[in-house]
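[1] Sequence and predicted model, in that order:
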Protein chains: 2
Amino acid sequence: MNLPKSVSIIEVGPRDGLQNEANFITTEIKKEFIQHLVCAEIKEMEVTSFVSPKWIPQMQDAAELIQSCYSSIRSIVLVPNKKGAERLLATNCKSAAVFVGVSNRFNQKNINKSTRESIVEIRPIIADLKSKGFFVRACISTAFYCHYEGAIATADTLALCQEFADAGVDELSVADTIGMATPAESFSLFSTLKQQLPNIMIAAHFHDTRKMALANIYAALQAGIDRFDTSAGGLGGCPFVPGATGNVATEDVVYMLERMNIKTGVKLDKLVKAIDIIAPHLSRKIDSGYYQLTKKRDISV
Amino acid sequence: MNLPKSVSIIEVGPRDGLQNEANFITTEIKKEFIQHLVCAEIKEMEVTSFVSPKWIPQMQDAAELIQSCYSSIRSIVLVPNKKGAERLLATNCKSAAVFVGVSNRFNQKNINKSTRESIVEIRPIIADLKSKGFFVRACISTAFYCHYEGAIATADTLALCQEFADAGVDELSVADTIGMATPAESFSLFSTLKQQLPNIMIAAHFHDTRKMALANIYAALQAGIDRFDTSAGGLGGCPFVPGATGNVATEDVVYMLERMNIKTGVKLDKLVKAIDIIAPHLSRKIDSGYYQLTKKRDISV
């Protein structure tokens, strides 16, 4: 089986992972969490989001959080709209993420715009950021299934990915937002995307809602994908998708990959320390396999 | 990707799943659990074990439990030794499982015998059961890793499997007892086994300790495996392996397979009812993806 020799991990815990935590986590704790992730050799990270504090209060400290901008790594900031992009331009950060759902109803629930309205708004933002030297990733949500619309037509996902590639993004992060894709579907979509868009970076973003995340990653590896969004501790979910449990846990992905001699560069022992920082402030228990094993005595992980 | 069109599920919840529950679950509840599993169209099941009640008190009601013997399905009873086999011969059941660990130290901890001593004891039991028309499966534990010995040499696993095939068993159930195998290792071992033993049934038995169970099953499917041991609700673990959490959950496996158009015959709605029967009597929470989703409102599973 021809798998990649190395893989890039894009850590999304501080942004995607924390955004649904109801209780505000102080900026100091977030900074400590991020610094420990950097110590664990995370090289790309969604750090925060310039979203309206009315919508996601947890991200109200975005400007303060990225003052240092963690310049040793690719610090990615999510900008949902023009206002967010303007706030980002006032910082030293040079990497941005935009997002849109393939599912129109999901996009409406998520940001109160149709998918088409989102694209029209985002295209000039991408052009502006690219002209200023930014790295831009487009997060393509509900690429397989939607809680509201059910199965998403693959042709719609491919067309949207093509549209963002044409708009000049550096990377597509293609997400199984509700954790319903099967390994066969993961292999199929990512194989097609790699063929259709050979000159763009493609990351796969899986949720472990139905326990298929690592199977989907294994299938995506077989399709040639070598970039994965993961979340330390499996933090996250989606506020607009009931029951959408966490992103796949960074530590479980890194463990599986390293055990298959696929290099990630991530240091598992230090990653566990980063999770130790954030865990006491969360509303839920960390249930990743690797992290739980480290907390049991007499277990070799 | 060439995957099997259909797969046989061997339900191990009533035996492997319950054997570690410290509090005795009444025979009536076990019977109700099993009957609901039969209603869910489970066709092969490890029902109980003729093991010493001193060692595993939970299985003290084996004789009573199998009085009816669930003759509409393949009811498999574990017999660890000659005495267990004699007790089985006094019943109407016609399917037996024997077991041995590739790891010598595991086998010592598990049944106080070396692997070689186990083989010497089991071979005549197999011969006797086969001469009396029994279906016999051999459960090969620690086929990949052992908590005590670490990595197991593939050659040792293959040799042990060959030995049991030569002894005349109908099936090998090859287990990643501590849930540490990677999908690459699953594919590799099961591909080799299918080549080496083309005329014997081979089942794969995975634990989800490190969240790789479904990935390993996907890899085993690619290796041509079409029989999987699973446990309703993910019940189980191993009393002699600290931190070895549950067997992979039947409902998560069935969900993934059916979604990939691989027929299992198992009815998920009725399987959930079977888990509902046993769940209140367990010492732990059911944490399979599928079962949890059915308990959330407004979620389509």
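    Ah, there it is.
[2] Now for the nearest residue to A:D208 once chain neighbours are set aside, how many residues are close by?
    Leaving aside its chain neighbours, A:D208 sits nearest to A:V248 (5.0 Å; criterion: CB to CB, 6 or more residues apart in numbering or on different chains). No exception for glycine: its C-beta is placed from N, CA and C like everyone else's. For A:V248, the neighbour count with other CB atoms under 10 Å in any protein chain shown is 30.
[3] residues contacting A:V248?
    A:206-208, A:213-214, A:217, A:228, A:230-231, A:234 (CB atoms under 8 Å, 6 or more residues apart in numbering or on different chains).
[4] Try it again at 7 Å.
    A:206-208, A:213-214, A:217, A:230, A:234 (CB atoms under 7 Å, 6 or more residues apart in numbering or on different chains).
[5] In terms of pLDDT, where does it sit?
    At A:V248, the model reports a pLDDT of 97.
[6] do the same with the one 4 residues further on
    According to the per-residue confidence, A:D252 scores 98 in pLDDT.
[7] give me the number of residues near it?
    Residues within reach of A:D252, counting by other CB under 10 Å, total 23.
[8] what's in contact with the helix or strand encompassing it?
    For A:D252, the host element (DSSP states H and E) is helix A:250-259. Contacts with helix A:250-259, where a contact means CB under 7 Å, 6+ apart, come from A:7, A:9, A:11, A:13, A:214, A:217, A:228, A:230-232, A:264, A:266, A:268, A:271-272, A:288-291, B:182, B:210-212.
[9] now, which of these lie within helices?
    A:214, A:217, A:268, A:271-272, A:289-291 (DSSP state H).
[10] Against A:F33, how distant is the closest residue to A:S8 other than its chain neighbours?
    Using CB to CB, 6+ apart and skipping the chain neighbours, the partner closest in space to A:S8 is A:R227 (4.7 Å). According to CB to CB, to the nearest Å, A:R227 and A:F33 sit 22 Å apart.
[11] Spit out the contact partners of A:F206.
    A:F206 touches A:176, A:179, A:213, A:216-217, A:248, counting by CB under 7 Å, 6+ apart.
[12] tell me the two of these that are most distant?
    A:G179 and A:I217 (12.3 Å; CB to CB).
[13] So those two - more neighbours on which side?
    More neighbours surround A:G179 than the other of A:G179 and A:I217, with 28 against 25 (other CB under 10 Å).
[14] Cross-check the contact I'm expecting between that one and A:R210.
    Yes - between A:G179 and A:R210 a contact is recorded at 5.4 Å, counting by CB atoms under 7 Å.
[15] one step back: could I get the contacts of A:V248 as CSV with pLDDT?
    Output for the contacts of A:V248, formatted as CSV (pLDDT from 0 to 100):
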residue, pLDDT
A:F206, 97
A:H207, 95
A:D208, 94
A:A213, 98
A:L214, 98
A:I217, 98
A:T230, 98
A:G234, 95
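[16] Just the closest of the residues you listed to B:D166, please.
    Using CB to CB, A:L214 is the member of those that lies nearest B:D166, at 35.6 Å.
[17] For chain B, see how far away that closest one is.
    Note on A:L214: its distance to chain B, by CB to the nearest CB, to the nearest Å, is 4 Å.
[18] got it, and A:L172?
    Distance, A:L172 to chain B, using CB to the nearest CB: 23 Å.
[19] The residue nearest to A:S8: how many residues sit nearby?
    A:R227: 20 surrounding residues under other CB under 10 Å.
[20] Okay, it and A:L193: tell me how far apart.
    Taking CB to CB, one finds A:R227 at 12 Å from A:L193.
[21] again with A:Q19
    A:Q19 is 26 Å from A:L193, by CB to CB.
[22] Also A:V79?
    24 Å.
[23] which stretches of chain A form strands?
    Secondary structure of chain A by DSSP state E: the strands cover A:8-11, A:44-49, A:74-78, A:95-101, A:135-141, A:145-146, A:150-151, A:171-176, A:201-206, A:227-230.
[24] Using JSON lines, please lay out those together with distance to B:G133.
    Output for the strands of chain A, formatted as JSON lines (distance: least, CB to CB, whole Å):
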{"stretch": "strand A:8-11", "distance to B:G133": "55"}
{"stretch": "strand A:44-49", "distance to B:G133": "62"}
{"stretch": "strand A:74-78", "distance to B:G133": "65"}
{"stretch": "strand A:95-101", "distance to B:G133": "59"}
{"stretch": "strand A:135-141", "distance to B:G133": "57"}
{"stretch": "strand A:145-146", "distance to B:G133": "48"}
{"stretch": "strand A:150-151", "distance to B:G133": "48"}
{"stretch": "strand A:171-176", "distance to B:G133": "48"}
{"stretch": "strand A:201-206", "distance to B:G133": "48"}
{"stretch": "strand A:227-230", "distance to B:G133": "51"}
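[25] which parts of the stretch 51-200 of chain A sit against chain B?
    A:182-184, A:187 (CB under 7 Å from any CB of the partner chain).
[26] Please tell me which one of these counts the most neighbours.
    A:P183 (29 neighbours).
[27] Measure how buried the nearest residue to that one once chain neighbours are set aside is and give me the count.
    With sequence-adjacent residues excluded and distances taken as CB to CB, 6+ apart, A:P183 is closest to A:A219, at 3.8 Å. For A:A219, the count of nearby residues is 30 (other CB under 10 Å).
[28] Measure how buried the nearest residue to A:N92 once chain neighbours are set aside is and give me the count.
    Distances taken as CB to CB, 6+ apart place A:C69 nearest to A:N92, at 4.6 Å, with adjacent residues excluded. As a burial measure, A:C69 scores 16 neighbours (other CB under 10 Å).
[29] so what pLDDT did A:C69 get?
    A:C69 is assigned a pLDDT of 70 by the prediction.
[30] Verify the stated contact: it with A:A63.
    No - counting by CB under 7 Å, A:C69 sits too far from A:A63 to count as a contact (10.9 Å).
[31] OK, contacts around A:C69?
    Residues in contact with A:C69 (CB under 7 Å, 6+ apart) are A:75, A:91-93.
[32] Which one (most neighbours) among those residues?
    Across the contacts of A:C69, neighbour numbers were computed from other CB under 10 Å; A:S75 holds the maximum, 25 neighbours.
[33] That one: what's it in contact with?
    With contact taken as CB under 7 Å, 6+ apart, A:S75 is in contact with A:45, A:47, A:66, A:69, A:93, A:95.
[34] Name whatever forms a beta bridge with it.
    Judged by DSSP bridges, the bridge partners of A:S75 are A:M45.
[35] ok, A:V102 to A:A155 distance?
    10 Å.
[36] Looking at these two, which one has more neighbours?
    Using other CB under 10 Å as the criterion, A:V102 and A:A155 rank with A:V102 on top: 27 against 8.
[37] pLDDT wise, what is the more buried one at?
    Looking at A:V102, its pLDDT stands at 97.
[38] got it, and the one 3 residues further on?
    As summarised for this prediction, A:R105 has a pLDDT of 95.
[39] pretty sure A:A97 is touching A:E46, no?
    Yes - A:A97 is in contact with A:E46 according to CB under 7 Å; the separation is 6.3 Å.
[40] what touches both of those two?
    Contact criterion CB under 7 Å, 6+ apart; residues shared by A:A97 and A:E46: A:76, A:78.
[41] neighbour-wise, which of those two wins?
    Using other CB under 10 Å as the criterion, A:A97 and A:E46 rank with A:E46 on top: 26 against 23.
[42] where does chain A dip in pLDDT?
    Chain A contains residues with pLDDT under 70 at A:1, A:238-245, A:297-301.
[43] Could you pick out the longest helix of it?
    helix A:115-131.
[44] For that helix, name the packing helices and strands.
    Secondary-structure packing of helix A:115-131 (3 or more CB pairs under 7 Å, 6 or more residues apart in numbering or on different chains; DSSP states H and E): helix A:82-89, strand A:95-101, helix A:104-111, strand A:135-141.
[45] just checking, what packs against the second one?
    Where contact means 3+ CB pairs under 7 Å, 6+ apart, strand A:95-101 is packed against strand A:74-78, helix A:104-111, helix A:115-131, strand A:135-141.
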